[in-house]
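K.L.:
Predicted model follows, preceded by the sequence.
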Amino acid sequence: QVQLVETGGGLVQAGASLRLSCAASGRTIDTYAMGWFRRAPGKEREFVSAISRSGTITKYADSVKGRFAVSRESGRNTMYLQMNSLKPEDSAVYYCAADRQALLPTSTTRRYDAWGQGTQVTVSS
């Protein structure tokens, strides 16, 4: 089973940028499609972005499209989420996840087999 650890969260002002990292260990992420999710206080966990096993196909929630970019780097066994033009409504705990069955990116939470512990992102207005 792959283990995932997110880093890169923090407190920023609206309009700023952050880059989240999801470092994997135990197995290479080359055999997983990967995703990012988030959960804000009092809300359900929601899909943010996902990337195919090959890294060539990506998927985004409408709320982040054009502002966020997902990528993966096999050599570092790491996935990234570049977040630009952050808004207060982006504040949440961000989680990365791995889906060992899929080739393509998916927004379906139950498809994912492994999850990280999360990293807090807070955007002030």
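P.N.:
Perfect, thanks for sending it. Since this is a predicted model, take the numbers as computed values, not measurements.
K.L.:
so what's Ser71 up against?
P.N.:
Contact analysis of Ser71 by Cβ atoms under 8 Å, 6 or more residues apart in numbering lists 51, 55, 79-80, 82. All C-beta spots, glycine's among them, are computed from the backbone N, C-alpha and C.
K.L.:
Confirm for me that Ala97 is in contact with Gly118.
P.N.:
No - if you go by Cβ atoms under 8 Å, Ala97 and Gly118 don't touch, sitting 10.6 Å apart.
K.L.:
More neighbours: which of those two?
P.N.:
Between Ala97 and Gly118, Ala97 has the larger neighbour count (other Cβ atoms under 10 Å), namely 25 against 18.
K.L.:
what residue is smack in the middle of this structure?
P.N.:
Trp36 (2.4 Å; Cα atoms, centre = their mean).
K.L.:
Give me the three-state assignment for that residue.
P.N.:
Following DSSP: H, G, I helix; E, B strand; the rest coil, Trp36 is assigned to strand.
K.L.:
Can you classify the nearest residue to it once chain neighbours are set aside by secondary structure?
P.N.:
Nearest non-adjacent residue to Trp36, counting by Cβ to Cβ, 6 or more residues apart in numbering: Val48, 4.2 Å away. Classification of Val48 by three-state DSSP places it in strand.
K.L.:
so who does Val48 touch?
P.N.:
Counting by Cβ under 8 Å, 6+ apart, Val48 touches 35-38, 60-61, 64, 68, 81, 94.
K.L.:
Distance-wise, check Ala61 relative to Glu73.
P.N.:
From Ala61 across to Glu73, the span is 22 Å (Cβ to Cβ, to the nearest Å).
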